[in-house]
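*Asks:* Following is a predicted model, sequence given first.
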Amino acid sequence: MAALAVEPPESWVDPDTGHRVVRLTKEKGSASLYFNQNGYTADGNRLVYTTPDGISVLDLRTRASRLVVSGRVRMIDAGRRHQRVYYLRDSAAYWTDVDSGETKKIGDLPPRGRISTVNADETLLAGTYIEGDGRDYNNARPAGAVTQQQGHALDQPRNKGQMMEERWAAKLPMGLFTMNIQTGEVKTIHRDNNWLNHLLFSPTDPTLLLFCHEGPWHKVDRIWLMRTDDGAAPKKIHTRTMAMEIWGHEFWSADGKTIWYDLQTPRGEDFWLAGYRVDTGERTWYHLQRDEWSIHFNVTRDGSLFAGDGGDPGQVAKAKDGQWIYLFRPELVADRGLKDANFVKPGVLRAERLVNMAKHGYRLEPNVSFTPDQKWVVFRSNMFGDTYVFAVEVAKGK
């Protein structure tokens, strides 16, 4: 359980790790974005975060912050080309320039729809809608990407497992659509009775879209890739090779060349961070120890380091000592055997503990990300009671 609410310190050195931790935000209930959303402005100088009052930005150099969008909104992404934040308000999509404050309504959502991602050149949004008149799951919290601005708590619901089973079993007809940012035109590009979720455009290729078949991970073929402009069928990224093999919480490398994801062979027993090269099909699997498994992982812009947010004993890994923010250094196993391009390239993630999260309540997922300069790992935490955004320095203090 999280500690009783107290005013968190602005900075301290974690006595268990020797790394410096700073509190970035001042607002109670403030939170960094979901791990695979882009939470940094195009110039790399500002962190985008949410508060009970709306969307704010924090200058990473001065740590000065200001509110840029007020009211009840759902954050989508920060733009990678323009100094904009994209968000939903009252069933419509908008952008706001974080410097000038200019705001534009892009277009209205389809009935029972939501938008999840912005493409690399900020010409398209992508989202999903539920067809027909069945239960409106799209207006419930999407798995993982929880924000306070929709009137929901930041914490994961206690009945999440039951909800996931019910929604997966419903097999509701869904449409996957794009919205033109300039004109607001909506175009349905894929229909499916699988639960479509976690849409994520490539950070570099404007027409390449990642999405998942959501549901209980041991019952779905999770990760799919498609083009938004060619009409081709989606491509499955991973194929199960054993009973109870699971994979998910997928995210892009910054160069758009690799899709990374949590892989367990089988569920809750053997843990990997797996990578799939989009251009070559090459696969790399980095092994982790049980206590090092994390709910979410992330990677630096140059691909040299990974981070993880750990997990408590109630998570799938059932770690006995896993409540840490982790830094991982990838290390490939030397290949002295048979050469085959179809083999998975195996490796190990060498873990370093950055922050002791023993007082953090893991119903609030920390959702780690690296700052653009790769010097800090940003996360959200309720270790002092209320939720704030923190950052830990990658280099150990002297």
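*Replies:* It's in.
*Asks:* Name the spans of this structure whose pLDDT lies under the cut-off.
*Replies:* Low-confidence segments of the chain (pLDDT under 70): 1-5, 134-153, 398.
*Asks:* can you pull out the helices in it?
*Replies:* Along the chain, counting by DSSP state H, helices occupy 160-170.
*Asks:* so who does residue 348 touch?
*Replies:* 286-287, 330-331, 333 (CB atoms under 8 Å, 6 or more residues apart in numbering). (Glycine included, C-beta is placed from N, CA and C.)
*Asks:* if you set the cut-off to 6 Å instead, what comes out?
*Replies:* 287, 331 (CB atoms under 6 Å, 6 or more residues apart in numbering).
*Asks:* what's across from it in the sheet?
*Replies:* Taking DSSP bridges as the rule, residue 348 bridges to residue 287, residue 331.
*Asks:* With the one 4 residues further on instead?
*Replies:* Applying DSSP bridges to residue 352 gives these bridge partners: residue 327.
*Asks:* how long is stretch 299-316 end to end?
*Replies:* 22 Å (CA to CA, to the nearest Å).
*Asks:* nope, stretch 72-83 is what I was after
*Replies:* For stretch 72-83, the end-to-end distance is 21 Å (CA to CA).
*Asks:* do the same with stretch 327-347
*Replies:* Calculated as CA to CA, the first-to-last residue distance of stretch 327-347 is 16 Å.
*Asks:* ditto for stretch 114-132
*Replies:* 15 Å.
*Asks:* Over to stretch 170-184?
*Replies:* 30 Å.
*Asks:* burial of residue 278, as a residue count?
*Replies:* 19 (other CB atoms under 10 Å).
*Asks:* so what's it up against?
*Replies:* Residue 278 touches nothing, counting by CB under 6 Å, 6+ apart.
*Asks:* do residue 357 as well
*Replies:* Here residue 357 is in contact with 310, 323-324 (CB under 6 Å, 6+ apart).
*Asks:* and the residue lying closest to residue 370 once chain neighbours are set aside, how many neighbours?
*Replies:* Nearest non-adjacent residue to residue 370, counting by CB to CB, 6 or more residues apart in numbering: residue 300, 4.9 Å away. Using other CB under 10 Å, residue 300 has 20 neighbouring residues.
*Asks:* Then residue 277?
*Replies:* Residues near residue 277, counting by other CB under 10 Å: 14.
*Asks:* My guess is residue 196 contacts residue 174. True?
*Replies:* Yes. Judged on CB atoms under 6 Å, residue 196 makes contact with residue 174 at a distance of 5.0 Å.
*Asks:* tell me, what's touching the two both at once?
*Replies:* residue 128.
*Asks:* Hmm, residue 374 and the residue nearest to residue 370 touching each other?
*Replies:* Yes. With contact defined as CB under 6 Å, residue 300 reaches residue 374; the gap is 4.5 Å.
*Asks:* any shared contact partners between those two?
*Replies:* Common neighbours of residue 300 and residue 374 (CB under 6 Å, 6+ apart) do not exist.
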